[in-house]
Each structure stands twice: as structure tokens, then as C-alpha cells.
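>>> A structural model of the following input is requested.
(one chain, ligands or ions: 1)
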Amino acid sequence: MSDYKLGLDYALDQDRKDELKSYRNQFHIPKDKQGDAWIYMTGNSLGLQPKQTKAYVNQELNDWANLGVEGHFEAKNPWLAYHEFLTESMAKVVGAKPIEVVVMNTLTANLHFMMVSFYKPTKTRYKILIESDAFPSDKYAVESQLRHHGFDDKEGVVLWKPRPGEELLNYDDLETILETQGDEIALIMIGGVNYYTGQYFDLKRITQLGHKQGCNVGFDCAHGAGNVALNLHDSGADFAVWCTYKYLNSGPGSLAGCFVHERHAYRKDLNRFTGWWSHNKQTRFNMRGEFDQLPGAEGWQLSNPPILSMAAIKASLDLFNEVGMDKLINKSKKLTGYFEYLLKQLGEDTIRIITPKRSEERGCQLSIQVKNADKSLHNKLTEVGIISDWREPDVIRCAPVPLYNSFEDVYRLVEKLKGILK
Ligand SMILES: *Cc1c(COP(=O)(O)O)cnc(C)c1O
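Predicted structure coming up:
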């Protein structure tokens with residue numbers, strides 16, 4: 001699909017034709033000291049702030065100022081049910097049914113709560129399979145669950161590794177692991193889109209392979225939510241978790257999402273940790289009596305949630321809802337394809353892209369290996385206004401985000417990189 005062209009005119013023309021072009025203007029784009037907008041390529045780490053976020057948060061601050069505790073019922077968006085205002089839009093973003101989705105806690109916390117329910121080790125089936133380059137927090141969480149249940153945190157982890165000399169993971173290798181050790185594996189927990197390589201896994205295929213061997217299957221979709229079409233319901237996964245501060249632009253440390261498949265919605269036999277927010281809404285405030293579990297993902301909530309953070313999530317999800325994931329992904333594929341096309345002009349002996357080439361196997365991020373580079377390259381990029389992410393030993397991760405990055409951003413990024421590498 002290489003009807004891409006070189007030159008700035010082409011980039012500007014693509015921006016003019018872009019049906020989502022007006023959305024860039026709905027975000028605060030940070031600027032350098034001269035007042036030039038940064039080329040912001042780290043929406044995969046912390047998404048930019050939608051301009052409307054302030055008004056959404058102020059609404060709740062004002063209601064709190066004017067109503068105090070009455071805001072739980074009387075606020076414009078009554079706080080008691082605030083998380084419900086997010087459920088439908090969030091469910092659309094991740095391809096799930098509303099009963100399967102809740103916004104609560106933070107990402108790693110949700111991962112633990114999900115493992116309380118879906119990691120049920122026995123003497124013979126207790127191992128957890130993760131990808132070898134899993135995000136460190138996920139790895140630590142998994143290891144601590146093993147220790148919590150009295151197992152060895154090295155022996156109990158099964159790694160799905162790339163082949164020697166490769167970065168990407170191969171499904172044949174996963175099949176081999178599952179065929180030979182599947183009956184020892186209690187849980188498969190994979191990052192839906194790998195944070196380092198940008199490889200977007202086939203969630204349905206992994207889930208089916210795992211279920212065939214009797215393993216539970218969950219995904220950390222921190223790098224997938226708002227970036228790719230996750231289709232969580234259709235994947236059949238038992239659970240998924242994700243944060244909202246990366247592609248979902250909801251602010252530093254904002255609350256996380258959680259998916260529990262519909263088939264578990266009414267199960268009472270699953271072990272779980274509970275609090276008053278997992279209890280039946282109608283009788284929650286009677287504050288006595290037997291625990292009566294809420295059905296669906298909501299039944300995993302513990303606490304009454306931070307409304308200010310939820311307001312920021314609502315501001316962002318309202319934008320996603322307006323655009324829709326289909327249009328977003330359509331632009332994303334064009335923009336990242338263009339980025340790849342321009343990078344290739346720099347020559348394969350200078351630059352190697354480790355992210356998969358097929359657009360079905362990646363989101364917007366490209367992970368770029370630059371020959372003989374060290375961190376000084378990243379510093380030089382920062383000096384010229386390119387905000388990217390450096391991973392030792394030699395990888396730059398850049399994520400042109402379709403909601404607010406432009407073809408011109410990508411063009412200028414590659415031009416500046418070319419200048420530095422000369
Ligand atoms: C960003 C990210 C995290 C961060 O976890 P928090 O609990 O939000 O601090 C964890 N796992 C993955 C895969 C991530 O991409």
C-alpha cells in the first residue's frame with residue numbers, strides 16, 4: 001500500500017484531507033521556549049490533555065464546593081453512579097459489552113484483583129505464562145502472585161520468548177509450549193500489544209490455544225486500549241486490564257479499566273476480594289446484612305471512586321465516542337504506514353523497525369532500532385523538539401497518535417532524524 005509520496009507538500013495535503021484533522025485542535029500540544037509545538041510521539045506513555053478536560057473536572061469541583069455531600073445525588077453528574085457514565089463508551093473502545101467493563105483502581109492493582117479470581121493454582125497446575133519482554137510491573141505482579149500462593153517465583157514462570165536473533169514472538173512457539181507444558185499452566189497473561197516491540201497479538205488465537213489446554217487467559221491491554229480494535233468480548237479472554245493515561249488521554253496516574261467476560265458475570269464460585277462497591281447498589285447503604293454481589297465487572301469494585309479522575313476520563317471518552325474506533329484506526333494505519341515509508345528512505349543499514357510490518361499486527365507505535373546509536377541520539381531528538389521514548393540498548397519508540405498527531409508531525413520528525421544521523 002505504498003501510494004505514499006515524499007516531500008512536505010504531500011504531508012500537508014494529507015492533513016488537509018484528513019477527516020479527523022479538527023481533533024488536533026481539541027488537545028493542548030506542549031510547546032518549546034520559542035513557542036513551536038513539540039512533535040509529541042509519546043502518547044503511548046502519557047496521552048495529551050484534551051482541552052475540554054478542565055471544564056469536566058471543574059464541573060465536579062464546583063458541585064463539590066456548592067453541594068458538599070449532597071453531590072453524591074444532586075451533582076449534575078451524580079457521583080454515586082459516576083462510573084456508569086463511563087461504562088458504555090469504554091466498552092465500545094475495547095469491543096466489549098457494558099456488563100463486562102468497569103473503570104476502577106489502577107492498572108497493576110486490577111491485574112492483582114483479576115489474578116485473585118482467575119489464577120487458581122493447584123499442586124500440579126500452578127504456572128503462569130507471560131511474554132519474555134513483559135512490562136516489568138506485570139512481571140513483578142505475576143511473580144508476587146506465585147510467592148503469595150507458596151510457589152517459586154522463577155520456576156513458576158513460563159516465558160514465551162522470541163527465537164534467537166529475533167524480537168517478535170511466534171505463535172508456533174506458543175503452541176509448542178502449550179502442547180508440552182499446558183497442563184502445568186494455570187494462567188496465561190500477555191500484554192495485548194507489547195510495550196517494547198509494538199507487536200499486537202491475536203487475542204482470540206491465544207485465548208483459544210490456552211482454553212484448549214485448560215488455562216485461564218487474561219491480557220494487559222495498556223498499549224492496546226484506544227490504539228487497536230481489541231474486540232475483547234469476541235476474543236473470549238477471561239479478563240483484561242488497561243490504564244487510561246496512555247492512548248486514552250485521561251491524565252497522569254488516572255484510573256484503569258477492567259474487563260471480565262460475560263460468561264463469568266453471575267458466577268458466585270469465583271474467589272474475589274470485595275468491598276462495599278461490589279455490593280448490590282439498591283441495598284449498599286443499608287450498611288448491614290449479608291453481602292450481595294453485583295453481577296458483571298462492577299462486582300469487582302471495592303471503593304467509591306475518585307470523581308475528579310473519572311471526570312477527566314469522561315472528557316476523553318466523549319471524544320473517542322464522537323470519533324469512533326473505526327475512523328481512528330483507519331487514520332492510524334495510514335499515518336503509521338507513512339511513518340514507516342519515510343523511515344525506510346533512511347536506508348536499512350541505518351535503521352531497522354522491529355515492530356511487525358503487517359498493519360494487523362501493530363498499532364500506531366513503531367519501535368526503531370538505530371545502528372550504533374546510544375542515548376545521545378534520543379537527547380539530540382529532544383533538543384530539536386521531538387518527544388520520543390528511549391529504551392536501552394538502542395530502541396526509540398515513537399507513536400504517532402491519530403487523534404492529535406499529523407502527517408506533518410511525522411514528516412518533520414523523519415527530516416530531523418535524517419539531519420541528526422548525517
Ligand atoms: C503502562 C503499563 C503499566 C503501568 O502500570 P500502572 O499500574 O498503571 O502503574 C503496566 N503494565 C503495562 C503493560 C503497561 O504498559
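>>> which element is C258 on?
strand 256-260 (DSSP states H and E).
>>> got the contact list for T283?
289, 292 (C-beta atoms under 8 Å, 6 or more residues apart in numbering). No exception for glycine: its C-beta is placed from N, CA and C like everyone else's.
>>> gap between it and E19?
48 Å (C-beta to C-beta, to the nearest Å).
>>> before we move on, what about I329?
Distance from I329 to E19, by C-beta to C-beta: 13 Å.
>>> do N25 as well
Look at N25 and E19: by C-beta to C-beta, they are 14 Å apart.
>>> before we move on, what about L174?
38 Å.
>>> These two - which one has more neighbours?
L174 (20 against 10; other C-beta atoms under 10 Å).
>>> The nearest residue to the more buried one once chain neighbours are set aside: neighbour count?
Nearest residue to L174, sequence neighbours excluded (C-beta to C-beta, 6 or more residues apart in numbering): W160, at 5.4 Å. Around W160 there are 22 other residues, counting by other C-beta under 10 Å.
>>> What does the pLDDT read for I387?
On pLDDT, I387 comes in at 96.
>>> which one's the longest helix in this protein?
If you go by DSSP state H, the chain has its longest helix at helix 325-344.
>>> just checking, what packs against it?
Secondary-structure packing of helix 325-344 (3 or more C-beta pairs under 8 Å, 6 or more residues apart in numbering; DSSP states H and E): helix 8-17, strand 351-353, strand 366-370, helix 407-421.
>>> Would you pull up how far the second one lies from the middle of the chain?
Here the centre of strand 351-353 is set off from its chain's centre by 24 Å, with C-alpha atoms, centre = their mean, to the nearest Å.
>>> Remind me what that strand packs against, helices and strands.
If you count contacts as 3+ C-beta pairs under 8 Å, 6+ apart, strand 351-353 packs onto helix 325-344, strand 366-370.
>>> could these go into CSV alongside mean pLDDT?
Formatted as CSV, the helices and strands packed on strand 351-353 follow (pLDDT from 0 to 100):
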stretch, mean pLDDT
helix 325-344, 98
strand 366-370, 95
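>>> Switch those over to JSON lines; also include distance to the ligand and mean neighbour count.
Output for the helices and strands packed on strand 351-353, formatted as JSON lines (distance: least, C-beta to the nearest ligand atom, whole Å; neighbours: other C-beta atoms under 10 Å):
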{"stretch": "helix 325-344", "distance to the ligand": "18", "mean neighbour count": "19"}
{"stretch": "strand 366-370", "distance to the ligand": "13", "mean neighbour count": "20"}
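>>> I'd like the ones you listed as CSV, with distance to A109 appended.
As requested, the helices and strands packed on strand 351-353 are arranged in CSV below (distance: least, C-beta to C-beta, whole Å):
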stretch, distance to A109
helix 325-344, 26
strand 366-370, 27
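>>> burial measure for L129, as a count.
With neighbours defined by other C-beta under 10 Å, the count for L129 comes to 26.
>>> so who does it touch?
Contacts of L129 by C-beta under 8 Å, 6+ apart are 157-160, 177-178, 185, 187-190, 210, 215.
>>> go with 6 Å
By C-beta atoms under 6 Å, 6 or more residues apart in numbering, L129 lies in contact with 158, 185, 188.
>>> Which one of these is nearest to T124?
Of all the contacts of L129, T124 sits closest to I185, with 10.7 Å by C-beta to C-beta.
>>> Which parts of the protein are strands?
39-40, 101-104, 127-131, 157-160, 185-191, 216-220, 239-243, 256-260, 351-353, 366-370, 386-387, 389-391, 395-398 (DSSP state E).
>>> thinking M310 is in contact with Y82, fair?
Yes. With contacts counted by C-beta atoms under 6 Å, M310 reaches Y82, the gap being 5.2 Å.
>>> of those two, who's got more company?
M310 (26 against 22).
>>> Just the terminal-to-terminal distance for stretch 120-136.
The first and last residues of stretch 120-136 sit 22 Å apart, counting by C-alpha to C-alpha, to the nearest Å.
>>> List the buried residues in that stretch.
Of the residues in stretch 120-136, 121, 125-131, 133-135 count as buried by neighbour count, 16 or more other C-beta atoms under 10 Å.
>>> re the thing from before, who touches the strand holding C258?
So strand 256-260 is contacted by 90, 96, 100-103, 105-107, 110, 232, 239-243, 297 (C-beta under 6 Å, 6+ apart).
>>> Those residues of the stretch 151-300 of the chain touching the ligand, which are they?
191, 195, 220, 222-223, 243 (C-beta under 6 Å from any ligand atom).
>>> and if we set it to 8 Å?
191, 195, 220, 222-223, 243, 245-246, 253, 256 (C-beta under 8 Å from any ligand atom).
>>> from these, which single one is nearest the ligand?
A222 (3.2 Å; C-beta to the nearest ligand atom).
>>> residue contacts, A91?
So A91 contacts 98, 101 (C-beta under 6 Å, 6+ apart).
>>> That one and the ligand, how far apart?
From A91 across to the ligand, the span is 20 Å (C-beta to the nearest ligand atom, to the nearest Å).
>>> cool, and L377?
For L377 relative to the ligand (C-beta to the nearest ligand atom), the value is 23 Å.
>>> Nearest residue to that residue in space, ignoring adjacent ones along the chain?
V370 (6.0 Å).
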